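Engineer: Sequence plus predicted model, see below.
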Amino acid sequence: MIAPFLIAYLVVFAYPVYKMFALSFTDAPLIGEGQWVGFGNYVKLFGQKLFYTSVWNTGYFVVLTVIPNTLIGLGLALMVVRLKGWLQSLILVLFFIPYILPVSVVTQIWQWVLDQQFGIAQHIIEFFTGKRVSVFRDPVWAMPMVALVTVWWTNGFNLLLFIAGLRNIPQDYYEAAMLDGATRLQCFRRITWPLIWPVTALVLTLQLILQLKIFDQVYLMTEGGPFNSTYVLLQLVYREAFRLNHGGVGSAVAVMLFLIIVVVSVLQYQLLRVRER
């Protein structure tokens, strides 16, 4: 009964992971075998300034997206859940539409919106800065703008998860609290927040894993620039493996990213369990 799943797991997941680790200890090109070099690829990697830059940028992007994306999704869900009937369905559809768009369409839309010459968002930027800014060519603006696009693109999924969690909270709790004179803020702190916490932990974990693997938006909008200010780990994998044909070094970067995701996810999960208790 478990044989189909086991075969698929070994072929699709376990074997590629094994090959990734094995190739990281060789000087293999992208396609083909190579000679054993031990930890040579990792030594070379830790000697690259670009590696540390990509780690920093990936962490910076995670900070800009994970918690804000979660909080915005929760805030929107608290407002949308109060709506009824077709109006609620319409609002959910409008928020979820960006999530089903391909990344190429999303980046093209925002490149138009943020274009320095005719982008409609430039009016807002000009109001606060006094000038128009080419945001994807400015090292200060580039990563926050990529984060903004990501939050706009992915928040619809978080909204649906929070809506599902809020609908599972019995209304009797709120009615009893209101009879006892509880305010809306007290209802949120004492009822909604504790009961929605498992969904919040799930959203935080999913967002952390997804945002650590950022690549598409950066590659299409900035290509890692300007001045490597948006260069991330998966882009380093792409550079080493596909552009320079260094399959071994590319695998070493992928292994480091894999370990970072595992360690950070486990730490976050343990912290969330402590918070839940």
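Structural biologist: Okay, I see it. Numbers count the residues shown, from 1 in each chain.
Engineer: how about residue 178, secondary structure?
Structural biologist: helix (DSSP: H, G, I helix; E, B strand; the rest coil).
Engineer: Ramachandran angles for residue 36?
Structural biologist: phi -70, psi 130 (degrees, to the nearest 10).
Engineer: how much space between the closest residue to it other than its chain neighbours and residue 211?
Structural biologist: The shortest distance from residue 36 to any non-neighbouring residue, by CB to CB, 6 or more residues apart in numbering, is to residue 26 (5.7 Å). (C-beta placed from N, C-alpha, C; glycine too.) According to CB to CB, to the nearest Å, residue 26 and residue 211 sit 30 Å apart.
Engineer: got it, and residue 88?
Structural biologist: Taken as CB to CB, the span from residue 88 to residue 211 is 28 Å.
Engineer: what does stretch 18-37 contact?
Structural biologist: 38-42, 241-242, 245-248, 250-252, 254-255, 258 (CB atoms under 8 Å, 6 or more residues apart in numbering).
Engineer: cool, and stretch 78-86?
Structural biologist: So stretch 78-86 is in contact with 88, 91-92, 95, 159, 162-163, 166-167, 188, 192, going by CB under 8 Å, 6+ apart.
Engineer: OK, contacts around the residue nearest the centre of the chain?
Structural biologist: In the chain, the C-alpha nearest the mean C-alpha coordinate belongs to residue 211, at 2.2 Å (CA atoms, centre = their mean). Residues near residue 211 by CB under 8 Å, 6+ apart: 61-62, 65-66, 150.
Engineer: Surely it is in a helix?
Structural biologist: Yes. Assignment of residue 211 by three-state DSSP places it within a helix.
Engineer: Just the pLDDT for it.
Structural biologist: In this prediction, residue 211 carries a pLDDT score of 92.
Engineer: re the thing from before, hmm, which of the contacts of stretch 78-86 are the buried ones?
Structural biologist: If you count burial by 16 or more other CB atoms under 10 Å, the buried members of the contacts of stretch 78-86 come out as 92, 95, 159, 162-163, 166, 192.
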